[in-house]
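Asks: Need a 3D model of the following:
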Amino acid sequence: MATTSKTTENTETKDSAKAAREKRAMRLAKASNVAFSLPPKVRARLTQLAREDGLDLGHYLQKVLETHVVVSAPEGDELAERLSAKRAVIDQTIGFAQALDADGKFDEHFVLTVMKTASQDDAFMALYKTAVGDNRSAQKALNQQLGRLIRKTVGARGMRTDKGTVARAQVADEIISSYTLLTKQG
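Replies: Purely as a prediction, here's the structure:
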């Protein structure tokens, strides 16, 4: 009898360990962050290239890796099409931000101004819909990235409240639902 009980416990322990491994594998598969080390000279060179592109290192590396996926994918690959559309959305958004800033349209609601302008462009919206599909988390992630890039493109920073927190605004019936209020020094 004791042998049967011990065998049952071992089977349950193995099943439990297998379930834990599967759960961990699923959690890792959903992770979006990747960490790796770079030799200092490689990092310095990549940082220089990122600056030349007007990006921070993280965004630059993301662009390089996504571009590699796009160019190495077979024709008609859905992921490559989404990534290509996302890159085009980012590039066009930066272009809208630069043009609007040059036209003197910068104010604290600049992120909203850029996104409203972009959303009125049919070609932009077609790319945007391809980039995010029906995935709300993809839309949220892309919108957050666009907000950061708009801010960086025009040399702005997030406004702070009297309490020192980032000042944000909420909107309805727009391509974005919230955004950081911006300011420029001098």
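Asks: Tell me the first helix or strand C-terminal of the helix-or-strand element of the chain with minimal mean pLDDT.
Replies: Every helix and strand in the chain was compared by mean pLDDT, DSSP states H and E; the lowest is helix 2-30, with a mean of 64. Proceeding C-terminally, helix 2-30 gives way to helix 40-52 as the next helix or strand, assigned by DSSP states H and E.
Asks: Measure how the helix or strand just after that following helix sits relative to helix 40-52, angle-wise.
Replies: Once the chain leaves helix 40-52, the next helix or strand it forms, by DSSP H and E, is helix 57-72. Interaxial angle of helix 57-72 relative to helix 40-52 (axes from the mean of the first three to the mean of the last three Cα atoms, to 10 degrees): 90 degrees.
Asks: So which bits of helix 57-72 are buried?
Replies: Buried positions in helix 57-72, judged by neighbour count with 16 or more other Cβ atoms under 10 Å: 59-63, 66, 70. (Glycine included, C-beta is placed from N, CA and C.)
Asks: same thing with stretch 46-57?
Replies: By neighbour count on 16+ other Cβ under 10 Å, the buried set for stretch 46-57 is 50, 55.
Asks: I'd assumed Leu182 was in contact with Gly167.
Replies: Not quite, residue 167 is Ala, not Gly. No. Contact status for Ala167 versus Leu182: not in contact, 9.1 Å apart, counting by Cβ atoms under 8 Å.
Asks: If you count surrounding residues, which of the two has more?
Replies: Leu182 (23 against 15; other Cβ atoms under 10 Å).
Asks: measure that one to Gly155 for me?
Replies: According to Cβ to Cβ, to the nearest Å, Leu182 and Gly155 sit 10 Å apart.
Asks: remind me which residues of this protein are low pLDDT?
Replies: Within the chain, the stretches with pLDDT under 70 are 1-14, 24-31, 186.
Asks: the domain parsing of the protein - what is it?
Replies: According to automatic domain parsing, the chain is divided into the following domains: 39-72, 84-186.
Asks: what would the ones you listed look like in TSV with distance to Glu78?
Replies: Compiled in TSV, these are given as follows (distance: least, Cβ to Cβ, whole Å):
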stretch	distance to Glu78
domain 39-72	12
domain 84-186	9
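Asks: Next up, the contacts around Ala85.
Replies: 127-128, 130-131 (Cβ atoms under 8 Å, 6 or more residues apart in numbering).
Asks: cutoff 6 Å now
Replies: In this structure, Ala85 makes contact with 127, 130-131, judged by Cβ atoms under 6 Å, 6 or more residues apart in numbering.
Asks: what's the helix or strand for it?
Replies: Using DSSP H and E, Ala85 falls within helix 78-102.
Asks: Dump the helix or strand that that helix is followed by to CSV, restricted to CA.
Replies: Of the helices and strands lying after helix 78-102 in sequence (DSSP H and E), the nearest is helix 110-119. Coordinates of each C-alpha in helix 110-119 appear next as CSV, following Å, rounded to 0.1, in the frame of the first residue of the first chain:
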residue,chain,number,x,y,z
PHE,A,110,1.1,68.6,-29.2
VAL,A,111,0.8,64.8,-29.0
LEU,A,112,-2.9,65.0,-29.6
THR,A,113,-2.4,67.6,-32.4
VAL,A,114,0.0,65.2,-34.2
MET,A,115,-2.2,62.2,-33.8
LYS,A,116,-5.3,64.1,-34.9
THR,A,117,-3.4,65.2,-38.0
ALA,A,118,-2.2,61.7,-38.7
SER,A,119,-5.6,60.1,-38.2
